[in-house]
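Asker: One predicted model, sequence on top.
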Amino acid sequence: MTGTVSVAAAAPMLASAAQAETPAASPSKLRETVVTSLRINKQPYELSLDPRTSLLDALRDHVGLTGTKKGCDHGQCGACTVLVDGKRALSCLSFAVMNRGKEVTTVEGLASSDGKLHPMQQAFIDHDAFQCGYCTPGQIMSAIGCVNEGHAGSEDDIRDYMSGNICRCAAYPNIVAAIMQARDETRGA
């Protein structure tokens, strides 16, 4: 029993000795920025960012593209949905530095240069698929992703694959109708 007590008493001293030998990272090193090259809406950007900056915060706070909304900031509402290389991504759950070399598309990058709306944007207007409008950019981006991923074959499929995007106003039937209208024009657009 004496040996057990001795070992138990020595363990914290050994741990503190090991910690003393390991140099702690200086606070200034933790806050150093990294230059990150991003391609957003077909435009190149060089940003100096804290490596912990989310793609959402980079888009909104560093590039000025505020169409992507910050909802829950936990990946549960879908308001921050963007397309990364054509697939849906929750920008609040992705670090900006993880997206180097990838094509990021936000709602601002959908309309053509002459101002013509993307078919999904037009369908959302045609079907009044929004009420307050806060979730609309994320809904539109997710709808395009849903179609591009091949999950818009039926209304049930659309409901299932759009379930990660929350609309507090409950415009869901109109959102499904908009996706049904735009799905053929959206494929490959």
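Answerer: Perfect, thanks for sending it. What you see is a predicted model; the values in this text were computed from it and never measured. Numbering: from 1, shown residues only.

Asker: If we ignore the residues flanking it in sequence, what's nearest Ile166?
Answerer: Excluding its sequence neighbours, the residue lying closest to Ile166 (C-beta to C-beta, 6 or more residues apart in numbering) is Cys77, at 4.6 Å. Just so you know, the C-beta spots here come from the backbone N, C-alpha and C atoms, and that holds for glycine as well.

Asker: Report the mean confidence score over the strand or helix carrying Val82.
Answerer: Assigned by DSSP states H and E, Val82 falls within strand 81-84. Across strand 81-84, pLDDT averages out at 98.

Asker: Relative to it, what are the paired strands and their orientations?
Answerer: strand 87-90 (antiparallel), strand 103-105 (antiparallel) (DSSP bridges).

Asker: if we look at the first one, which residues are touching it?
Answerer: Applying C-beta atoms under 8 Å, 6 or more residues apart in numbering, the set of residues contacting strand 87-90 from outside is 55, 75, 78, 80-83, 141-142, 145-146, 148-149, 164.

Asker: How far off centre is that strand?
Answerer: 6 Å (C-alpha atoms, centre = their mean, to the nearest Å).

Asker: Give the buried residues for it.
Answerer: 88-90 (16 or more other C-beta atoms under 10 Å).

Asker: what do you get for the last one?
Answerer: Taking 16+ other C-beta under 10 Å as the neighbour-count basis, strand 103-105 is seen to contain the buried residues 104-105.

Asker: which strands and helices sit next to the helix or strand just after that strand?
Answerer: Sequence-wise, the next helix or strand downstream of strand 103-105 (DSSP H and E) is helix 119-126. Where contact means 3 or more C-beta pairs under 8 Å, 6 or more residues apart in numbering; DSSP states H and E, helix 119-126 is packed against helix 136-148, helix 172-186.
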